[in-house]
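[1] what's the 3D shape of this:
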Amino acid sequence: MLIAIIADSHDNVANLKRALEWMRLNKVETILHCGDIVHLAMLAQAWPPDFRARIECVAGNADFVGEFERAPQVLKDKLTYHGEVGGLETEGIKIAFCHTPARAKKLAADEKYQMIFYGHTHKPWIEKIGATYLINPGNLAGQRTEATLALYDSVEKRLDLKKLVDLIV
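    Sure thing, here's the model as predicted:
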């Protein structure tokens, strides 16, 4: 399964639209958003009409959490809101995702997950705590650093960092 991991899109419709179109063309099945979407209307506006991927979201410090309960119709069947921490398992790999590095480190201490994705700092980063990888895909908004996202292929067990400017759509 191809999983795209994004964080800190901060209402940047143009960047999100480009990233989602690339994900659609590359048959991404699941998107993990590590917080700071800000407004769901922006996500709905950028969503390609024939894109069938699921989007799994956690709250960021800039999100209006009440919006997740009133998701726009285009996202109703595609979006799952997990609160502060989300998780999934694929190909025997347990993955968690959250917004802040502090929470990610706390989750790593539990030693339940092989990978934990987080956002908040806007900088791509990878580190290992025990047997757990902590991964920040950077920020999709392009604030303070260039716009990036991560792509995880659960079958190939491969993780790549993608620069938005390099994505061909």
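[2] switch to C-alpha atoms for all contacts and neighbour counts from now on
    Fine.
[3] Please identify the buried residues of the helix or strand of the chain with the lowest mean pLDDT?
    In the chain, no helix or strand scores lower on mean pLDDT, DSSP states H and E than helix 66-69, which sits at a mean of 85. Of the residues in helix 66-69, residue 68 count as buried by neighbour count, 16 or more other Cα atoms under 10 Å.
[4] And the contacts of that helix?
    The contact list for helix 66-69, computed with Cα atoms under 8 Å, 6 or more residues apart in numbering, reads 39-40, 81.
[5] can you tell me which of the residues you listed are in helices?
    Using DSSP state H, residue 40 are the members of the contacts of helix 66-69 that sit in helices.
[6] In a markdown table: the contacts of helix 66-69, plus pLDDT and distance to residue 6.
    A markdown table is the format used below for the contacts of helix 66-69 (pLDDT from 0 to 100; distance: Cα to Cα, whole Å):
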| residue | pLDDT | distance to residue 6 |
| --- | --- | --- |
| 39 | 93 | 15 |
| 40 | 93 | 15 |
| 81 | 95 | 15 |
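[7] Residue 102 in helix, strand or coil?
    Recorded secondary structure, residue 102: helix (DSSP: H, G, I helix; E, B strand; the rest coil).
[8] what about it, neighbour count?
    By other Cα atoms under 10 Å, the residues close to residue 102 number 11.
[9] and if you look at residue 156?
    10.
[10] which residues touch residue 71?
    Contacts of residue 71 by Cα under 8 Å, 6+ apart are 40, 79.
[11] mind running it again at 10 Å?
    39-41, 43-44, 77-81 (Cα atoms under 10 Å, 6 or more residues apart in numbering).
[12] And for residue 158?
    Per Cα under 10 Å, 6+ apart, neighbours of residue 158: 2, 151-152.
[13] Now do the buried residues in stretch 153-169.
    For stretch 153-169, burial by neighbour count (16+ other Cα under 10 Å) applies to 153-154, 161-164.
[14] Can I get it in PDB, CA atoms only?
    Only the C-alpha atoms of stretch 153-169 are listed here, as PDB (Å, rounded to 0.1, in the frame of the first residue of the first chain):
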ATOM      1  CA  ASP A 153       5.500   2.000   0.400                       C
ATOM      2  CA  SER A 154       4.400  -0.700   2.900                       C
ATOM      3  CA  VAL A 155       5.100  -3.600   0.500                       C
ATOM      4  CA  GLU A 156       8.600  -2.500  -0.500                       C
ATOM      5  CA  LYS A 157       9.200  -1.100   3.100                       C
ATOM      6  CA  ARG A 158      10.500   2.100   1.500                       C
ATOM      7  CA  LEU A 159      10.200   5.700   2.800                       C
ATOM      8  CA  ASP A 160      10.900   8.700   0.500                       C
ATOM      9  CA  LEU A 161      10.900  12.400   1.100                       C
ATOM     10  CA  LYS A 162       9.400  14.300  -1.800                       C
ATOM     11  CA  LYS A 163       9.800  18.000  -2.600                       C
ATOM     12  CA  LEU A 164       6.600  19.500  -3.900                       C
ATOM     13  CA  VAL A 165       8.400  21.400  -6.600                       C
ATOM     14  CA  ASP A 166       9.700  18.100  -8.000                       C
ATOM     15  CA  LEU A 167       6.300  16.400  -8.300                       C
ATOM     16  CA  ILE A 168       5.200  15.900 -11.900                       C
ATOM     17  CA  VAL A 169       1.400  16.400 -12.300                       C
END
